[in-house]
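Novice: no letters, just coordinates:
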């Protein structure tokens, strides 16, 4: 998605060769009109996949999931990172390690909102080692629903998460795939150019 | 907003006389098309207020803020409940007590995305004692921006937060104002009927 790559190039801050900060449009500030274009890009990529529901993880996954849900006309379920007092019964959960925060957390989802008829599109802001995505897949499967695909805004293609998921036969579509963050520069994979 | 009250009546679960669970359309599952109507309702209520930016608190505030931002054509900034490793410099912060979770948390916002020219609409899913709203107001003021109003999806009108904010001269607009959750029933304030 050319517009996304342009914004990453113009606004992204390469903190080190592993960390890209995109707080100005994805992880802290959100531009809803741009986010709507991201939602529409996901609709195009998963148009043939019979998606009936979107599942994401709070917080940064919510904005692109809501706009994808608007574009696709399906509901969005956001997994919580900790149990709240008002969300207890009928939960499925999974343990996820965050390399950014350097800690384990339990993520959970109410099984009430997914059935075995659902084909779920998992959406997240970043894909790096794939921990969060694997946790979301694990929970979707626990409810009996099917994973119809994974939509990622920015994939760190130099980490193993994307390849591991694709090797499992899952359709993974990333709107921008980063090849490297070395020398303070963002380099994208060239094959990404075929998508607009 | 009649449609919202209808959904609260049909889908809300009254846990006790203080707690209403609306996980099916607001706090866990989100219906993006309904959320878009909520965003448009906020646009109508704050049409005259010169809003230039929306500020909310992760996670449940994000969906209605993104749709309000889409409707109003302004960007959305979501305050974080904890500091991440990639978000450190130029922060303003405030301490907020959650009665639901029974704990203090620090919320923070990057001052980079607000200027003294901004008139901010604060949006949140619930207003009860007003702790989160006061924390958000506190942070917006620290950046030098002005609070142009507060938009709430569901106000627990039997708690003191809304009155305290209105007494400070702040325009508070709640799309549904609950008078009582007693006897397992949701009762709305009657004056709310004048808004549609």
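Specialist: Okay, I see it. The shown structure was predicted, so the numbers you read here are calculated from the model rather than taken from an experiment. Numbering: from 1, shown residues only, chains lettered A, B, ... in the order given.

Novice: which bits of chain A sit near chain B?
Specialist: A:15, A:19, A:21, A:23-24, A:27-33, A:35-36, A:58-59, A:62-63, A:66-67, A:69-70, A:73-78, A:80, A:84-87, A:100-102, A:110, A:113 (CB under 8 Å from any CB of the partner chain). For the C-beta atoms, the positions are set from N, CA and C on the backbone; glycine is no exception.

Novice: take those and keep only those in strands.
Specialist: A:21, A:29-30, A:75-78, A:110 (DSSP state E).

Novice: show me what the lengthiest strand in chain A is packed up against.
Specialist: If you go by DSSP E, chain A has its longest strand at strand A:146-156. Judged by 3 or more CB pairs under 8 Å, 6 or more residues apart in numbering or on different chains; DSSP states H and E, strand A:146-156 is in contact with helix A:2-11, helix A:32-45, helix A:62-72, strand A:119-127, helix A:131-142, helix A:161-167, strand A:172-180.

Novice: one more time with 7 Å
Specialist: helix A:32-45, strand A:119-127, helix A:131-142, strand A:172-180 (3 or more CB pairs under 7 Å, 6 or more residues apart in numbering or on different chains; DSSP states H and E).

Novice: quick check: angle from the first one to helix A:2-11?
Specialist: Using axes from the mean of the first three to the mean of the last three CA atoms, to 10 degrees, one finds that helix A:32-45 and helix A:2-11 are set 140 degrees apart in direction.

Novice: neighbouring contacts of helix A:32-45?
Specialist: Helix A:32-45 has contacts (CB atoms under 7 Å, 6 or more residues apart in numbering or on different chains) with A:1, A:3-4, A:25, A:63-64, A:67-68, A:70-72, A:123, A:151, A:153, A:173, A:175, B:66, B:69-70, B:73, B:76.

Novice: filter the residues you listed down to the buried ones.
Specialist: A:1, A:4, A:25, A:63-64, A:67-68, A:70-72, A:123, A:151, A:153, A:173, A:175, B:66, B:69-70, B:76 (16 or more other CB atoms under 10 Å in any protein chain shown).

Novice: which residue is nearest the centroid of chain A?
Specialist: residue A:124 (1.3 Å; CA atoms, centre = their mean).

Novice: distance of the nearest residue to it once chain neighbours are set aside from residue B:132?
Specialist: Take residue A:124 and drop its neighbours on the chain: the residue closest to it by CB to CB, 6 or more residues apart in numbering or on different chains is residue A:61, 4.7 Å away. Using CB to CB, to the nearest Å, residue A:61 is found at 21 Å from residue B:132.

Novice: for residue A:111, same thing?
Specialist: For residue A:111, the distance to residue B:132 - CB to CB - is 29 Å.

Novice: likewise residue A:117?
Specialist: 37 Å.

Novice: surely the residue nearest to the centre of chain A meets residue A:156?
Specialist: No. Using CB atoms under 7 Å, residue A:124 makes no contact with residue A:156, being 11.9 Å away.

Novice: tell me the contacts of the residue nearest to residue A:1 when sequence neighbours are not counted?
Specialist: Nearest non-adjacent residue to residue A:1, counting by CB to CB, 6+ apart: residue A:175, 4.2 Å away. Each residue near residue A:175 by CB under 7 Å, 6+ apart is listed here: A:1, A:4, A:38, A:41, A:153.

Novice: change it to 6 Å
Specialist: A:1, A:4, A:41, A:153 (CB atoms under 6 Å, 6 or more residues apart in numbering or on different chains).

Novice: look up phi and psi at the closest residue in space to residue A:125 that isn't next to it in sequence.
Specialist: Nearest residue to residue A:125 in three dimensions, chain neighbours excluded: residue A:60, at 4.1 Å (CB to CB, 6+ apart). Dihedral angles of residue A:60 (phi, psi; degrees, to the nearest 10) stand at phi -70, psi -20.

Novice: ok, now how distant is the closest residue to residue A:24 other than its chain neighbours from residue A:81?
Specialist: Leaving aside its sequence neighbours, residue A:24 sits nearest to residue A:11 (CB to CB, 6+ apart; 4.5 Å). Between residue A:11 and residue A:81 the distance is 26 Å, computed by CB to CB.

Novice: how about residue A:130?
Specialist: Distance from residue A:130 to residue A:81, by CB to CB: 17 Å.

Novice: likewise for residue A:47?
Specialist: 31 Å.

Novice: who's more crowded, those two?
Specialist: residue A:81 (18 against 10; other CB atoms under 10 Å in any protein chain shown).

Novice: excluding chain neighbours, what is closest to that one?
Specialist: Closest to residue A:81 by CB to CB, 6+ apart is residue A:105, at 5.2 Å.

Novice: A strand includes that neighbour, no?
Specialist: Yes. With DSSP: H, G, I helix; E, B strand; the rest coil as the criterion, residue A:105 is assigned to a strand.

Novice: can you name the residues bridging to it?
Specialist: The partner list for residue A:105 in beta bridges (DSSP bridges) reads residue A:96.

Novice: and the gap between it and residue B:150?
Specialist: As judged by CB to CB, residue A:105 and residue B:150 stand 31 Å apart.

Novice: of these two, who's got more company?
Specialist: A direct count of neighbours by other CB under 10 Å for residue A:105 and residue B:150 places residue B:150 higher, at 27 against 17.

Novice: for that one, which residues are in contact?
Specialist: So residue B:150 contacts B:122, B:133, B:170, B:172 (CB under 6 Å, 6+ apart).

Novice: likewise residue A:15?
Specialist: residue A:21.

Novice: backbone phi and psi for it, please?
Specialist: phi -80, psi -50.

Novice: residue A:50 now?
Specialist: Torsion angles, degrees, to the nearest 10, at residue A:50: phi 60, psi 30.

Novice: mind listing what it touches?
Specialist: Neighbour list for residue A:50: residue A:119 [criterion: CB under 6 Å, 6+ apart].

Novice: just residue A:179 next, same as before
Specialist: Counting by CB under 6 Å, 6+ apart, residue A:179 touches A:157, A:187, A:189.
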